[in-house]
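Trainee: The following comprises the amino acid sequence and a computationally predicted model.
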Amino acid sequence: MAILTVVAYATLPLGSASFEQQLLPTMLVGLAFTVLAIFGFRFVQDRSIWWAVAYVAVQLPLGFVVFSLSGAAIGSILLLVVLVSQSVLLLPLPAAAVVAAIIPFVHLGMDWQGGMREGLGTLAVTTFTLIVTWLLVRERAARAELADANERLRGYAAQAEQLAVIQERNRLARDIHDGVGHHLTVVQMQLEAARAVIRTAEPERLDAMLATAQDQSGQALAEVRRSVAALREHRPALPEALQTLAEEATEAGVPTEVEVLGQARTIRADVDESLFRAAQEGLTNVRKHADASSTTVVLDFSAEDHVRLEVRDDGRGLPEKPGDGFGLTGLRERMANLGGRISVEPAGTTGLSLTVEVPG
């Protein structure tokens, strides 16, 4: 816009074919208009609206004077066109439209026919300038909003990525605890049992205990590989998988049986996984803390809208002080993610019952 202003000022000496020009006053007043248009505009651009109003109030009559002194030179019209563009940038659109409507009155000194013709032509130019400048301003504002929206989207994407990483870490932590922790518990109990009877037991019995411990350590290693690779473990159907868990628990010293109530049905993979992990965690806790003589795992499909799993033992019941392990916390997170619930309550006069219910 500064370049256009300088070009307009440079064309002032050309004057017009119809009116006489006062060259020196024209150049001096035109220079004042040009200096204000370049430097004054920058000064008021980022200030209050009143600075903008004062700027336009000074430039508008100054432009009229330049037009009169120059003998209606085309350069003076260009300077007024520059003022219209600046008004759009400085003032509200209605106020800028008023400026664009006032400028054609610069031709009032002409005869009415010539003034009408020139005035309408100038009005067309100022209106066109007003619209084009307004569209450019809107485009610039839209680009700024788009850039801001893109920046916010990048922020949201970063937050979503961070949340996904945290969720994946929690899932891996739960899988490692529920899977590896379960198998290592069995290994530990088998080794403790073997040490306890090592001087009195038959070699075949000791070999069976060590074989079980070896098998469980192998399964623990498989769990680690599965968790690290984030691959889903291929398991049989949930009732069969629970039966395998029960056999492992029985071999580890706590006789365990499985009851399936209702008609078994296909459930979502994440629900299946969570119920299996709940049974695994429950049986691990029984072996580690309950001192139970028997355990029952109940898988209940009786309800249409949810599946219930219960691990019930006849051990020592609720501890006096709650433990600080990760297992129940991980189970609660699993159930909360699925919209399910978990409860730990006494089972009759002795023993404990871990119950989870999951929509599915």
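Mentor: Happy to help now that I have it.

Trainee: Where does pLDDT dip in this protein?
Mentor: For the chain, the stretches with pLDDT under 70 are 15-18, 226-235, 320-327.

Trainee: residue ranges of the helices in it, please?
Mentor: 2-10, 23-35, 41-45, 49-69, 74-90, 93-102, 112-175, 181-196, 203-228, 238-251, 269-285, 327-338 (DSSP state H).

Trainee: Could you say which one of those helices comes nearest to residue 257?
Mentor: Among the helices of the chain, helix 238-251 comes nearest to residue 257, with 6.2 Å by CB to CB. Bear in mind the C-beta positions are built from the backbone N, C-alpha and C, glycine included.

Trainee: Wait, residue 119 touches residue 107, no?
Mentor: Yes - assessed by CB atoms under 8 Å, residue 119 is found in contact with residue 107 at 4.5 Å.

Trainee: With neighbour numbers in mind, choose between the two.
Mentor: residue 107 (22 against 18; other CB atoms under 10 Å).

Trainee: sorry, back to before: any shared contact partners between residue 119 and residue 107?
Mentor: Counting by CB atoms under 8 Å, 6 or more residues apart in numbering, residue 119 and residue 107 have no shared contacts at all.

Trainee: hmm, back to that, would you turn the helices of the chain into TSV with distance to residue 259?
Mentor: Below are the helices of the chain laid out as TSV (distance: least, CB to CB, whole Å):
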stretch	distance to residue 259
helix 2-10	88
helix 23-35	96
helix 41-45	81
helix 49-69	80
helix 74-90	80
helix 93-102	77
helix 112-175	26
helix 181-196	21
helix 203-228	24
helix 238-251	10
helix 269-285	12
helix 327-338	21
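
Trainee: can you tell which of these is closest to residue 355?
Mentor: helix 269-285 (9.0 Å).

Trainee: could you list every residue that touches residue 123?
Mentor: 100-101, 103-104.

Trainee: any idea how far residue 308 is from residue 23?
Mentor: 100 Å (CB to CB, to the nearest Å).

Trainee: Looking at the two, which is more packed in?
Mentor: More crowded of residue 23 and residue 308, by other CB under 10 Å: residue 308, with 18 against 14.

Trainee: what's the closest non-adjacent residue to that one?
Mentor: Leaving aside its sequence neighbours, residue 308 sits nearest to residue 300 (CB to CB, 6 or more residues apart in numbering; 4.1 Å).

Trainee: and the spatially closest residue to residue 49 that is not a sequence neighbour, how many neighbours does it have?
Mentor: Nearest residue to residue 49, sequence neighbours excluded (CB to CB, 6+ apart): residue 91, at 7.3 Å. When counting by other CB under 10 Å, one arrives at 18 neighbours for residue 91.

Trainee: I'd assumed residue 51 was in contact with residue 91.
Mentor: No - using CB under 8 Å as the test, residue 91 is too far from residue 51 to be in contact (10.9 Å).

Trainee: Now do the contacts for the residue nearest to residue 308.
Mentor: By CB under 8 Å, 6+ apart, the contact set of residue 300 is 260-262, 307-310.

Trainee: partner residues bridging it?
Mentor: residue 261, residue 308 (DSSP bridges).

Trainee: So residue 298 versus residue 260, what's the distance?
Mentor: Taken as CB to CB, the span from residue 298 to residue 260 is 8 Å.

Trainee: between these two, who's got more neighbours?
Mentor: Neighbours per residue (other CB under 10 Å) separate residue 298 from residue 260, with residue 298 holding more: 18 against 15.

Trainee: tell me the contacts of the residue nearest to the more buried one when sequence neighbours are not counted?
Mentor: Sequence neighbours aside, residue 310 is the residue nearest to residue 298 in space, at 4.2 Å (criterion: CB to CB, 6+ apart). Residues in contact with residue 310 (CB under 8 Å, 6+ apart) are 296-298, 300, 353-356.

Trainee: Redo the residues you listed as TSV? Include distance to residue 237.
Mentor: Output for the contacts of residue 310, formatted as TSV (distance: CB to CB, whole Å):
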residue	distance to residue 237
296	19
297	15
298	16
300	15
353	24
354	21
355	21
356	18
